[in-house]
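**Q** 3D model of this:
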Amino acid sequence: MKTKDTPKNKLVITIIKILIFALLLAGIAYLILFLSGYRLIVYKSEAGDTRFIGKIGKNREPSVGNVYFADGSKAKIDLTQKRIEYSDGSVYVGDTAELHPNGYGKLTFLSGEYYEGDFVYGQMTGYGVYVYADVIGDRYEGYMENGKRSGTGKYTWADGSYYEGSYKNDMKNGDGTYIWSDGSSYTGSYVNDVKNGKGVYEYVNGDKYEGDFAKDVREGEGTYTWANGESYTGQFKDDKMDGHGTYTWTTGRTYEGTFSENRIVWEKK
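**A** Residues are numbered from 1 along each chain as shown. This is a model prediction of the structure:
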C-alpha cells in the first residue's frame, strides 16, 4: 500500500533536508578552518579552563587568535610578536606559557602604569620594576609575589623620599631604611608598614633617637640625644619620656628618676 504524502510529512522531510544541509555546511566550514590552521585548544588548571580559538603555528601551539580565561576575561594574542592585548586595555609583551605571562616581560596598564620583570603563570612574581602612573610618580624595584611587594626592594616616592628594605604582602615588614625628602631617616624594624622593634631615627634638626618602637612611636627603652648635646636614656611611652630614666645636661649635670609625659617628676624628700 502506497503512503500518501501529507503536508505534515512534507514539512518533516524539508526540515530533515535543511538540517542535513546545515550540518554539511558546518562540516565544510570546519574542514576549511582546520586546513587553514585554526583550532580550539583548552588548557586546564586548578583555577579553571583557559580556551584558545585561533590559528596555530608550525609547532601546533597557539599563534594568533582569541583567549577566554577562567575568570571571564578575554584577550587577543599574537604570539609571533609575544603580545597579549587584554579586554581591560592592558597589554603584555614577553614570554608566555599556556597563554599566560611566564618568564620575563612587560605589562602596561591602561592608566600608564607598568611592570617589567619576572612573571609566573600570569602573576608578577620574582624580580622587577613597577612604575606607577605619571600623576603619582612613584617607583618600586625589587621582589614581588603574586602581584604584591614581597622580599627585599626599594620604593621611591615622587618627592624623593624612599624606603629600602624588606617587604611582605605589599607592606614594609622586617628591617629597612626610610629616608624622607627633608633628610630625616629611620633605620630599623617594621611590622605591617609601621616602625616596630629596635631602630634609629635621625631628625632633620640634628636630634637622634635610638631604641624601641611600637606601633610607629617611641615606646619602651631608648636614648634620645638632642642636637645641643643633652640626652635622655630610659623609658618611653607614646613618643614621650615616661617612666624611669636619666637626663644628662651639657654641663655634665644629671638627673635620674621618674618622668611623665616628657617632664621630670620631682620627688619630695
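**Q** need the contact list for the residue nearest to residue 89 when sequence neighbours are not counted.
**A** Excluding the flanking residues, the one nearest residue 89 by Cβ to Cβ, 6 or more residues apart in numbering is residue 110, at 3.5 Å. Where C-beta positions appear, they are placed from N, C-alpha and C, glycine not excepted. Residue 110 is in contact with 88, 89, 90, counting by Cβ atoms under 8 Å, 6 or more residues apart in numbering.
**Q** Pretty sure residue 41 sits in a strand.
**A** Yes - residue state for residue 41 (DSSP: H, G, I helix; E, B strand; the rest coil) corresponds to a strand.
**Q** So for it, what's the nearest residue that isn't a sequence neighbour?
**A** residue 52 (4.5 Å).
**Q** The one you found is in contact with residue 66, isn't it?
**A** Yes - between residue 52 and residue 66 there is a contact under Cβ atoms under 8 Å: 7.3 Å.
**Q** Count the residues that sit near the residue nearest to residue 41.
**A** 23 (other Cβ atoms under 10 Å).
**Q** Where do the helices of the stretch 1-150 of the chain begin and end?
**A** Here the stretch 1-150 of the chain has its helices, by DSSP state H, counting those that start in this stretch, at 7-35.
**Q** Output the below-cut-off pLDDT ranges for it.
**A** Low-confidence segments of the stretch 1-150 of the chain (pLDDT under 70): 1-13, 15-18, 20-38.
**Q** make it 50
**A** Within the stretch 1-150 of the chain, the ranges that satisfy pLDDT under 50 run 1, 29, 31-33, 35-37.
**Q** Quick one: the strands in it, in order.
**A** For the stretch 1-150 of the chain, the strands defined by DSSP state E, counting those that start in this stretch occupy 38-45, 48-56, 62-68, 74-78, 83-86, 91-97, 100-108, 114-120, 123-131, 139-145, 148-156.
**Q** Can you say which of the ones you listed is nearest to residue 211?
**A** strand 148-156 (24.8 Å; Cβ to Cβ).
**Q** elements contacting the closest one?
**A** Under the contact criterion of 3 or more Cβ pairs under 8 Å, 6 or more residues apart in numbering; DSSP states H and E, strand 148-156 touches strand 139-145, strand 162-168.
**Q** Would you reformat those strands as CSV and include distance to residue 223 and mean neighbour count?
**A** Formatted as CSV, the helices and strands packed on strand 148-156 follow (distance: least, Cβ to Cβ, whole Å; neighbours: other Cβ atoms under 10 Å):
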stretch, distance to residue 223, mean neighbour count
strand 139-145, 32, 19
strand 162-168, 23, 19
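**Q** a markdown table for those, including distance to residue 80?
**A** Listed next are the helices and strands packed on strand 148-156 as a markdown table, based on distance: least, Cβ to Cβ, whole Å:
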| stretch | distance to residue 80 |
| --- | --- |
| strand 139-145 | 28 |
| strand 162-168 | 37 |
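**Q** bridging residues for the residue nearest to residue 41?
**A** residue 41, residue 67 (DSSP bridges).
**Q** quick one: it from residue 122, how far?
**A** 14 Å (Cβ to Cβ, to the nearest Å).
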